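Return atomic coordinates for the entry below.
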Amino acid sequence: MAADRDVPVILLTGKNGQVGFELQRALAPLGQVVAVGSADVNLADAVALRELVRRVRPVLIVNPAAYTAVDKAESEPDLAHAVNAVAPGVLGEEAQRLGAAVIHYSTDYVFDGHKPEPYTEDDACAPASVYGASKRAGEQALAAACAQHLILRTSWVVGAHGGNFAKTMLRLAATRDALNVVADQWGAPTSAALIADVTAHLAARWLRLAGAEKAVDIPWGIPWGIYHLVAGGETTWCDYARHVLAAAQAAGVALKAGPDQVHPIATADYPTPAQRPLQSRLDTCRLRETFGLHLPPWQQGVDHILQQILPKGLS
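From the prediction side, this is the model:
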């Protein structure tokens with residue numbers, strides 16, 4: 001599966017997920033992307049994962065694959081740990097052996113959500129769920145195994161491909177007279193396309209550095225570590241739902257429940273097996289200042305996704 005080494009080989013996991021789907025597009029101009037999904041490799045199988053990396057011999061591993069069933073993780077902690085905690089460490093060990101780099105994705109769930117201000121990368125982690133604990137363990141395993149790593153924490157991911165909150169609200173609003181949506185959890189809906197495009201920017205920087213022996217000059221290196229990556233601004237799930245339904249109405253979509261029929265409720269009124277952080281706001285100053293990036297407001301990414309999915313019947 002290895003290619004001409006003049007063309008960088010990028011191993012991408014989770015190709016069928018929201019972020020993985022967009023990454024196939026965003027990474028394509030940078031090299032040969034070997035994209036795999038759950039049908040190609042079981043991330044809970046460390047042996048198979050090692051064999052995959054050794055066969056592909058990538059210069060960069062991009063790992064959006066994860067166990068993301070937040071509530072189900074409470075009853076499947078071993079599987080969540082294998083995929084979210086062990087697998088990143090395995091990828092890191094194999095990357096370190098090859099001299100490759102790893103870009104990995106984490107979550108706001110590594111925090112308990114009690115901080116009134118947006119979380120920075122230096123804030124202490126205190127996950128309140130099995131899912132959050134498994135993702136934090138994955139951060140630690142990767143950092144311990146591979147010096148050349150970027151961990152991008154994000155939240156409230158939404159994409160045109162795959163299931164997400166926006167699509168759920170549109171589907172429910174088509175058949176229900178009113179919706180009750182949590183209004184005391186804060187965050188920033190972040191488009192999978194934005195995550196993929198930022199990743200490609202960072203990946204290009206690493207690939208240029210990795211090919212330094214062929215380059216005339218290398219003006220910068222890579223400041224490795226953890227960065228927060230979310231869209232600009234903030235909102236609640238309730239106001240997010242209202243925004244989505246208002247856009248759908250403006251596009252002529254027939255809904256039984258419009259934005260005025262979205263009623264706010266408290267997290268306590270909607271109990272779930274896993275505890276959700278009330279504050280999922282992430283401070284992105286480090287990412288923006290280090291890499292010279294602008295992160296657009298969340299509405300821009302959501303509206304772009306709605307433009308893609310509304311004419312297609314929300315499929």
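
What helices and strands are in contact with the least confident helix or strand in the chain by mean pLDDT?
Lowest mean confidence among the helices and strands of the chain (mean pLDDT, DSSP states H and E): helix 192-210, at a mean of 93. With contacts defined as 3 or more CB pairs under 8 Å, 6 or more residues apart in numbering; DSSP states H and E, helix 192-210 has these neighbours: helix 18-27, strand 60-63, strand 101-107, strand 149-154, strand 157-158, helix 285-291, helix 298-309. Yep, even glycine has a C-beta here, placed from its N, CA and C like the rest.

could I get the ones you listed as CSV with mean neighbour count and mean pLDDT?
Output for the helices and strands packed on helix 192-210, formatted as CSV (neighbours: other CB atoms under 10 Å; pLDDT from 0 to 100):
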stretch, mean neighbour count, mean pLDDT
helix 18-27, 23, 97
strand 60-63, 27, 98
strand 101-107, 26, 97
strand 149-154, 24, 98
strand 157-158, 24, 96
helix 285-291, 15, 96
helix 298-309, 18, 95
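
would you turn the ones you listed into CSV with distance to residue 94?
Below are the helices and strands packed on helix 192-210 laid out as CSV (distance: least, CB to CB, whole Å):
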stretch, distance to residue 94
helix 18-27, 19
strand 60-63, 8
strand 101-107, 9
strand 149-154, 12
strand 157-158, 26
helix 285-291, 26
helix 298-309, 33
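
Residue 53: which of those is closest?
Ranking the helices and strands packed on helix 192-210 by proximity to residue 53 (CB to CB) places strand 60-63 first, at 7.0 Å.

Give me the distance between that closest one and the centre of its chain.
Averaging C-alpha positions (CA atoms, centre = their mean, to the nearest Å) puts strand 60-63 13 Å from its chain's average.

Let me see the ranges of the helices in this protein.
Along the chain, the stretches classed as helices by DSSP state H are 18-27, 46-56, 77-81, 87-98, 130-145, 165-173, 192-210, 237-250, 285-291, 298-309.

buried ones in the fourth one?
Looking back up the chat, that one is helix 87-98. Residues of helix 87-98 classed as buried by neighbour count (16 or more other CB atoms under 10 Å): 87, 88, 89, 90, 91, 92, 93, 94, 95, 96, 98.

Between which two of those residues is the distance greatest?
Farthest pair in these, by CB to CB: 87 and 98, 16.6 Å.

Burial check on residue 268, number of neighbours?
By other CB atoms under 10 Å, 8 other residues sit near residue 268.

whoops, residue 143 was the one
Residues lying near residue 143 (other CB under 10 Å) number 19.

thought it was touching residue 137?
No: taking CB atoms under 8 Å as the definition, residue 143 is not a contact partner of residue 137, at 10.8 Å.

which stretches of the stretch 151-300 of the chain have low pLDDT?
212-220 (pLDDT under 70).

Swap in 90 and give it another go.
206-222 (pLDDT under 90).

Over to the stretch 1-150 of the chain?
1-7.

Quick one: end-to-end distance for stretch 40-58.
16 Å (CA to CA, to the nearest Å).

Contacts for that stretch next, please.
The contact list for stretch 40-58 (CB atoms under 8 Å, 6 or more residues apart in numbering) reads 1-2, 9-11, 13, 34, 36, 61, 65, 79, 82-83, 86-87, 90-91, 93-95, 98, 100.

can you do 7 Å?
Stretch 40-58 is touched from outside by 1-2, 9-11, 13, 34, 36, 61, 65, 79, 82-83, 86-87, 90-91, 94, 98, 100, with contacts defined as CB atoms under 7 Å, 6 or more residues apart in numbering.

likewise stretch 81-89?
For stretch 81-89, contacts defined as CB under 7 Å, 6+ apart pick out 43-44, 46, 49, 63, 66-67, 104, 134-135, 137-138, 141-142, 145.

circling back to that earlier point, with distance to residue 110 added, can I get the buried residues of helix 87-98 in JSON lines?
Output for the buried residues of helix 87-98, formatted as JSON lines (distance: CB to CB, whole Å):
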{"residue": "87", "distance to residue 110": "17"}
{"residue": "88", "distance to residue 110": "13"}
{"residue": "89", "distance to residue 110": "16"}
{"residue": "90", "distance to residue 110": "20"}
{"residue": "91", "distance to residue 110": "18"}
{"residue": "92", "distance to residue 110": "17"}
{"residue": "93", "distance to residue 110": "22"}
{"residue": "94", "distance to residue 110": "24"}
{"residue": "95", "distance to residue 110": "22"}
{"residue": "96", "distance to residue 110": "23"}
{"residue": "98", "distance to residue 110": "27"}
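
Which member of those residues is positioned nearest residue 268?
Nearest to residue 268 out of the buried residues of helix 87-98 is residue 88 (CB to CB; 33.4 Å).

gap between that closest one and residue 151?
Remark: distance between residue 88 and residue 151 (CB to CB, to the nearest Å) = 9 Å.

That's all I had, so thanks and see you.
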